[in-house]
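> predicted coordinates and the sequence they were generated for:
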Amino acid sequence: METVTPQQEIIDVIKNYGGGAFQNCYQCGMCDTVCPWNRVGKFSMRKLVREAALGLTEIDNEDIWRCTTCGKCPQVCPRDVQQIESGIALRRVATEFNVFAGAAAPIPGVAANLRAEGNPFGEERDKRADWAKDLNVKRFAEGMEILYSPGCYLSYDPRAKKIATATVQILQAAGVDFGILGKEESCCGESIRKTGDEALFKSLARRNINEFINNGVKKILVSSPHCYHSFKNEYPEFNVHFDVMHISEFIFQLIQEGRLKLSKPISKTVTYHDPCYLGRHNGVFDQPREALKSVPGLKLNEMAESRMNSMCCGGGGGRIWMETPKSERFSDIRLKQAVEIGAEVIATCCPYCITNFEDSRLGRPDGGASIEVKDITEIIRDAL
């Protein structure tokens, strides 16, 4: 009878969790050359993959929690190692054994909040729609043009609520027949899935799918690229298909159709930051730029790292819930790039990016005076 070594057991577990592609790796190191972590410190995806292939990875290794799932390494990998899937497989092993090393310590608390209240903050589910109280927003009813799903950040975070307000004002100005589900909706589950908690993701997804179907939802409008990715690419795993649009796509469509008219000049130099999960993961690059170009007086400048080569803000892969030392924040580098090309405003359309950029802006030597952080919806709303 063949004896199974502990290393082989680990390899088999990782394979069962979807990380088998790591065995394709021949250690070329291309992943390390593009990883944003190596702009602020030392991290080797190549080493992590090698250890996983040999069954040597320790689940209390903080490195398994560093990946932001930004997607830069898979696009240069010559062997289709599927670093994101392999990394999530390692996290699933750690989650199963309840081992959360270093910066990952907050994750169990976040998971508990998601189970109890359907959002990562642990805020009351009944208050999920409080942001819309004074905006004359209707509850979604079957037959409406679109369901607006603002996501957790826009429902609870004070800064992000301003984005939800701007979005509603745009939709109302364009005459869009829309509604929200409020407390009946839960977190999309994308980020907790990336931390390895597959069971919780499935629970959240099934609850949302049930609410969408019961309310006759066919078309969903989202503000978060993470919700966009989950509803569009992950929920079909449950044999459902909704028409999903990101707000940047919809704004461009409304402008093209003549339903949204921008007449107020905004005389500022703006640069656009591509969120990883909208751009690199889902190929939405042109619509947000074209929408910004439609604003009278606005000058759009591109940063060197843009589109498929955009630099991650640091918030993906569940990192938005983990503490990152100031010296290791990708968002600091990104704001510096924006200032260096003469931008007065860095625009984006992801609540994680907004959150990280605002923190970095306030930490700049000038206290943030040299650059503004805006969501696209805030700029478009101001141009109405």
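Arrived safely, thanks for sending.
> how many neighbours does residue 172 have?
Summarising burial for residue 172: neighbours were counted as other CB atoms under 10 Å, giving 14. To be clear about C-beta, it is placed using only N, CA and C from the backbone, and glycine gets the same treatment.
> actually, residue 27.
What residue 27 shows, counting by other CB under 10 Å, is a neighbour count of 12.
> quick one, what contacts it?
46, 50 (CB atoms under 8 Å, 6 or more residues apart in numbering).
> again, only this time at 6 Å
Contact analysis of residue 27 by CB atoms under 6 Å, 6 or more residues apart in numbering lists residue 46.
> correct me if wrong, but it is in a helix.
No. Counting by DSSP: H, G, I helix; E, B strand; the rest coil, residue 27 is not part of a helix but coil.
> from residue 45, how far out is it?
The span separating residue 27 from residue 45 equals 11 Å under the rule CB to CB, to the nearest Å.
> cool, residue 175 as well?
Note on residue 175: its distance to residue 45, by CB to CB, is 48 Å.
> higher neighbour count, those two?
Neighbour count, other CB under 10 Å: between residue 175 and residue 45, residue 45 has more, with 27 against 10.
> pretty sure that one contacts residue 31?
Yes. With contact taken as CB atoms under 6 Å, residue 45 and residue 31 are classed as touching, separated by 4.3 Å.
> could you tell me which residues touch both of those two?
Common neighbours of residue 45 and residue 31 are listed as 73, 83 (criterion: CB under 6 Å, 6+ apart).
> what about residue 306, neighbour count?
As a burial measure, the neighbour count of residue 306 was computed by other CB under 10 Å and equals 17.
> so how far is residue 337 from it?
Relative to residue 337, residue 306 is positioned 10 Å away (CB to CB).
> what's the answer for residue 181, then?
38 Å.
> go on, residue 318?
Applying CB to CB, the value for residue 318 to residue 337 is 25 Å.
> which one of these two has more residues nearby?
Under the neighbour definition other CB under 10 Å, residue 318 and residue 337 were set side by side, and residue 318 has more, 27 against 18.
> now the more buried one: closest residue in space that isn't a chain neighbour?
Leaving aside its chain neighbours, residue 318 sits nearest to residue 195 (3.9 Å; criterion: CB to CB, 6 or more residues apart in numbering).
> next, the most centrally placed residue in the chain: secondary structure please.
Centrality entry for the chain: nearest residue to the mean C-alpha point is residue 226, 3.8 Å, by CA atoms, centre = their mean. Taking three-state DSSP as the rule, one finds residue 226 in the helix state.
> ok, residue 355 next?
Using three-state DSSP, the three-state assignment for residue 355 comes out as helix.
> and residue 328, how far is that from residue 40?
For residue 328, the distance to residue 40 equals 4 Å [CB to CB].
> brain fart, residue 380
The span separating residue 380 from residue 40 equals 33 Å under the rule CB to CB.
> one more: residue 300?
28 Å.
> can you give me the helices for the stretch 201-350 of the chain?
Under the criterion DSSP state H, counting those that start in this stretch, helices of the stretch 201-350 of the chain are mapped to 225-229, 247-256, 286-293, 330-340.
> do the stretch 51-200 of the chain as well
Under the criterion DSSP H, counting those that start in this stretch, the stretch 51-200 of the chain contains helices at 83-96, 107-117, 151-156, 158-173, 190-194, 198-214.
> dump those to CSV, plus distance to residue 222.
Output for the helices of the stretch 51-200 of the chain, formatted as CSV (distance: least, CB to CB, whole Å):
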stretch, distance to residue 222
helix 83-96, 21
helix 107-117, 18
helix 151-156, 6
helix 158-173, 10
helix 190-194, 11
helix 198-214, 12
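> and those: which comes nearest residue 129?
Comparison of the helices of the stretch 51-200 of the chain against residue 129 by CB to CB identifies helix 151-156 as nearest, at 7.3 Å.
> contacts for the closest one?
In this structure, residues lying in contact with helix 151-156 by CB under 6 Å, 6+ apart are 119-121, 123, 128, 131, 160, 163-164, 187, 223-224, 227, 351.
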